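> Next input, structure requested:
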Amino acid sequence: MSRVGKEPINIVKGVEVTFENSSILVKGSKEKLSLTIPSGIVVERDGETLIVTRENDLKLVRSLHGTIRVLIANMIKGVSEGFKRELEIVGVGYKTSMKGKTLILNVGFSHSVEIDTPEGLKVTTPSLTRIVVEGVDKQKVGEFAAKVRRVKRPEPYKGKGIRYFGEKVRKKVGKALAK
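Purely as a prediction, here's the structure:
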C-alpha cells in the first residue's frame with residue numbers, strides 16, 4: 001500500500017467536495033477546481049475526511065494512488081488558503097514591473113522580456129526586485145514561477161539572475177583564485 005496514498009485527507013471548513021461521474025469537484029472561498037479520477041482509483045467520503053483507495057494492484061494504479069491523493073489534498077488547500085511563490089532578482093540594474101497583466105523583466109539583455117500572466121494567477125511586484133505569484137492551483141503557480149526563473153537563472157560566479165526567495169546559490173571560485 002502506498003504510504004502517501006493511505007493517509008486520509010481532512011476537508012477544511014468552508015470547502016465543498018462533490019463527486020460527478022469520474023471526477024471530483026472542490027469548491028472553496030477562493031475558486032473551484034476539478035480533477036478526473038482515473039479508473040482503478042476510488043475516492044470515498046467518510047464524514048469530514050476523504051479516503052483514496054485502489055481497486056487492484058496493477059503497476060499503473062499503484063503509481064497513481066499517492067499522486068491522486070496529493071492532487072486532491074492540494075486542491076483542498078488551494079481553494080481554502082491558496083499557494084504563493086516568491087522570486088527575487090539579484091544584479092545591478094536588474095528590475096521588474098507590471099504593465100496590466102504583463103510582467104516586464106529587465107535583466108541584463110538588450111531588450112526587456114515580457115511574460116503574459118496566465119488565467120487564474122495573480123502576479124504582483126511589491127518592489128523592483130521581488131515578484132510574487134499567487135493562485136489556487138499549485139502546479140500553475142510553480143510552473144509560472146519556474147518560467148520566470150528560466151529567463152535568467154542565477155549564474156554561479158556572481159549570483160546574478162532570478163532566484164526563488166531564500167534560495168542559496170553556491171558560488172564558484174573564479175579562475176584567478178582557483179590556483
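> per-domain residue ranges of the protein.
For the chain, automatic domain parsing gives the domain ranges 9-80, 83-164.
> Dump those into CSV; add distance to residue 174, mean pLDDT and mean neighbour count as well.
No exception for glycine: its C-beta is placed from N, CA and C like everyone else's. Converted to CSV, those look like this (distance: least, CB to CB, whole Å; pLDDT from 0 to 100; neighbours: other CB atoms under 10 Å):
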stretch, distance to residue 174, mean pLDDT, mean neighbour count
domain 9-80, 42, 91, 15
domain 83-164, 6, 94, 16
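> and the ones you listed as a markdown table, adding distance to residue 175?
Shown next, in a markdown table, are those (distance: least, CB to CB, whole Å):
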| stretch | distance to residue 175 |
| --- | --- |
| domain 9-80 | 45 |
| domain 83-164 | 9 |
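> Now for residue 68: which residues touch it?
By CB atoms under 8 Å, 6 or more residues apart in numbering, the contact set of residue 68 is 5, 35, 37, 38, 41, 43, 52.
> beta partners for residue 35?
residue 24 (DSSP bridges).
> my guess is it contacts residue 20, does it?
No. Using CB atoms under 8 Å, residue 35 is not in contact with residue 20, being 10.9 Å away.
> can you give me the helices for the protein?
For the chain, the helices defined by DSSP state H cover 59-80, 138-151.
> what angle separates the longest one from helix 138-151?
In this case it means helix 59-80. Helix 59-80 and helix 138-151 are oriented at 90 degrees to each other (axes from the mean of the first three to the mean of the last three CA atoms, to 10 degrees).
> would you put the C-alpha positions of helix 59-80 in CSV?
Output of helix 59-80 as CSV, limited to C-alpha atoms (Å, rounded to 0.1, in the frame of the first residue of the first chain):
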residue,chain,number,x,y,z
LYS,A,59,1.5,-1.1,-11.6
LEU,A,60,-0.2,1.9,-13.2
VAL,A,61,-2.9,2.0,-10.5
ARG,A,62,-0.3,1.7,-7.7
SER,A,63,1.8,4.5,-9.2
LEU,A,64,-1.3,6.8,-9.4
HIS,A,65,-2.6,6.1,-5.9
GLY,A,66,-0.4,8.5,-3.9
THR,A,67,-0.4,11.0,-6.8
ILE,A,68,-4.1,11.4,-6.9
ARG,A,69,-4.3,11.7,-3.1
VAL,A,70,-1.7,14.5,-3.1
LEU,A,71,-3.5,16.3,-6.0
ILE,A,72,-6.8,16.2,-4.1
ALA,A,73,-5.1,17.5,-0.9
ASN,A,74,-3.5,20.3,-2.9
MET,A,75,-6.9,21.2,-4.4
ILE,A,76,-8.4,21.5,-1.0
LYS,A,77,-5.5,23.6,0.3
GLY,A,78,-5.6,25.7,-2.8
VAL,A,79,-9.3,26.7,-2.7
SER,A,80,-9.1,27.5,1.0
